[in-house]
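*Asks:* turn this into a model:
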Amino acid sequence: MGWHNPLTKHTKHTKQECSHLKLGKPTKSLMASSSKDSPKHSNLILDSGATVSMFNNGKLFSSLTKSSKNIKLTNGSIITASGRGTPQIELLLINLKLKNSLYSANLVFKLISLGTLLSANYSIHSFPKES
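*Replies:* Numbering: from 1, shown residues only. The predicted model follows:
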């Protein structure tokens, strides 16, 4: 059973049954992507609706423990994460270390959960695009 998401056709339960709504969690999410022309291992998505960060490149992990966890994606498909650990993500101004992230070679992109990013005491800043 998935969570209630009014923006998808793959909702597996009613709004009244939604555990996220009962906990007072927001129903909207934000997703930002790096570049549509990037190769598979460089695509990065910041997702406010994700509950865990997930990565498709095992070389990013400084520590990786084998595990098997099924992950349901927003399109309803299920993939298996084969590991859990701490990846190190090199960005322009900072190196992120995100504990308890999942690894799956089947992901098309790297996904950073906004919630886990903020819980790890990172902050997000937006700057106007220069013209």
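
*Asks:* what's the end-to-end length of stretch 96-114?
*Replies:* 13 Å (CA to CA, to the nearest Å).

*Asks:* give me the pLDDT value at T116.
*Replies:* pLDDT recorded at T116 is 89.

*Asks:* pretty sure it sits against V52.
*Replies:* Yes. T116 is within contact range of V52, at 6.5 Å (criterion: CB atoms under 8 Å). Every residue, glycine included, has its C-beta placed from N, CA and C.

*Asks:* need the overlap of contacts for those two.
*Replies:* 100-101 (CB atoms under 8 Å, 6 or more residues apart in numbering).

*Asks:* and for K110, the neighbour number?
*Replies:* K110 is flanked by 22 other residues according to other CB atoms under 10 Å.

*Asks:* next one: it from S48, what distance?
*Replies:* 16 Å (CB to CB, to the nearest Å).

*Asks:* how about K129?
*Replies:* 20 Å.

*Asks:* the more surrounded of the two?
*Replies:* S48 (16 against 5).

*Asks:* tell me how far the closest residue to F109 other than its chain neighbours lies from P128.
*Replies:* Counting by CB to CB, 6 or more residues apart in numbering, F109 lies nearest to N43, which is 3.7 Å off, once chain neighbours are set aside. Distance, N43 to P128, by CB to CB: 24 Å.

*Asks:* for this protein, name the helix or strand with the lowest mean pLDDT.
*Replies:* Least confident element among the helices and strands of the chain, by mean pLDDT, DSSP states H and E: strand 31-33 (a mean of 45).
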